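[1] Here is a sequence together with a model predicted from it:
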Amino acid sequence: MKFFHSPGSCSDGIALLLAETGAAVEVQRVNVRTGEQRHPDYLATNPKGKVPALIRPDGRLLTEFPAIALWLARSYPQAALMPEGLEAEVRALELTDFIVSSIHMRGFTLVSVPGKFVQDPAAQAELVAHGRTVAESGLAYLSEVLGTGDYLLGGFGIADAAAWYVLNWAKAREIPISDRLDALQARISARPAAGIVRGWAA
Ligand SMILES: N[C@@H](CCC(=O)N[C@@H](CS)C(=O)NCC(=O)O)C(=O)O
């Protein structure tokens, strides 16, 4: 497989899941900070110009975090990335999608790159403030879901991988998180797979 990855971005979450599976993968770095995702060579592979993206063993490309996470969980069941049974699976997907499409896309994206949306500095400041509110309230919800557990939905799974990258971002941007989420971030960071992901960033 070939994995298109920009360390420090949301593809960290898929990197973590890939490392958890132990599957053989070639990691190709696409630095989204310097615009490599818009290079014609990359667009020829992934016209969306985004990471994460994964070329699977049959050569077909898969994009979008929740879809890749589901595919990995189903394709490598020995990694136990998804609980068993339809209700548990759909809850894991529901939470993963909330983290990616709400906390990340509607929260952190506005905090990190307001200039993508508006030019006026005052309007940018408003977007940043709004993004922070969305991120903070989404993270507060995650803390409720976590409760006193070790991971969000019982054992480590796809939603934790999504939580990992937004928690890393929260810490880097000094967005407050609960002690429980702080402990979750540390617990995930201590997994052997997280060490592999740090190696892919070096
Ligand atoms: N909906 C996509 C979001 C992916 C995404 O926004 N990726 C960012 C990195 S965190 C990216 O590639 N940004 C580059 C760009 O938008 O030009 C998913 O679920 O994978």
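    Perfect, thanks for sending it.
[2] wait, does the helix of greatest length in the chain make contact with the ligand?
    Looking across the chain with DSSP state H, the single longest helix is helix 121-146. No. Contact between helix 121-146 and the ligand is absent, the nearest approach being 13.7 Å (criterion: Cβ under 6 Å from any ligand atom). Backbone N, C-alpha and C define where each C-beta goes, glycine included.
[3] buried sites along that helix?
    124, 127, 131-132, 134-136, 138-139, 142-143, 146 (16 or more other Cβ atoms under 10 Å).
[4] Check stretch 2-19 too.
    Neighbour count says stretch 2-19 has 3-7, 9-19 buried, by 16+ other Cβ under 10 Å.
[5] tell me, which of these make contact with the ligand?
    9-10.
[6] In strands, which of the buried residues of stretch 2-19 fall?
    Counting by DSSP state E, those place 3-5 in strands.
[7] out of the residues you listed, who's nearest the ligand?
    The ligand lies nearest to residue 4 out of these, by Cβ to the nearest ligand atom, at 9.1 Å.
[8] Hmm, residue 31 and that closest one touching each other?
    No. Using Cβ atoms under 8 Å as the test, residue 4 is too far from residue 31 to be in contact (10.9 Å).
[9] hmm, back to that, a markdown table for the ones in strands among the buried residues of stretch 2-19, including pLDDT and distance to residue 86?
    Shown next, in a markdown table, are those (pLDDT from 0 to 100; distance: Cβ to Cβ, whole Å):
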| residue | pLDDT | distance to residue 86 |
| --- | --- | --- |
| 3 | 98 | 28 |
| 4 | 98 | 31 |
| 5 | 98 | 31 |
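[10] and residue 33, which of the three is it?
    Three-state call for residue 33 (DSSP: H, G, I helix; E, B strand; the rest coil): coil.
[11] any idea how far it lies from residue 172?
    13 Å (Cβ to Cβ, to the nearest Å).
[12] How about residue 147?
    From residue 147 to residue 172 the distance is 25 Å (Cβ to Cβ).
[13] pLDDT wise, what is the residue lying closest to residue 110 once chain neighbours are set aside at?
    In this structure, residue 110 finds its nearest non-sequential neighbour in residue 131, 2.8 Å apart by Cβ to Cβ, 6 or more residues apart in numbering. On pLDDT, residue 131 comes in at 98.
[14] was I right about residue 131 contacting residue 113?
    No. At 9.5 Å, residue 131 does not count as touching residue 113 under the criterion of Cβ under 8 Å.
[15] before we move on, the earlier item: and the buried residues of helix 121-146, which two are furthest apart?
    Greatest spatial distance in the buried residues of helix 121-146: 124 and 146, 32.2 Å, computed using Cβ to Cβ.
[16] Break this protein into its domains for me.
    Per automatic domain parsing, the structural domains of the chain span 2-80+194-201, 86-191.
[17] check contacts around residue 49.
    37-38, 42-43 (Cβ atoms under 8 Å, 6 or more residues apart in numbering).
[18] that older thread, out of the buried residues of stretch 2-19, list just those in helices.
    Per DSSP H, the subset of the buried residues of stretch 2-19 in helices is 11-19.
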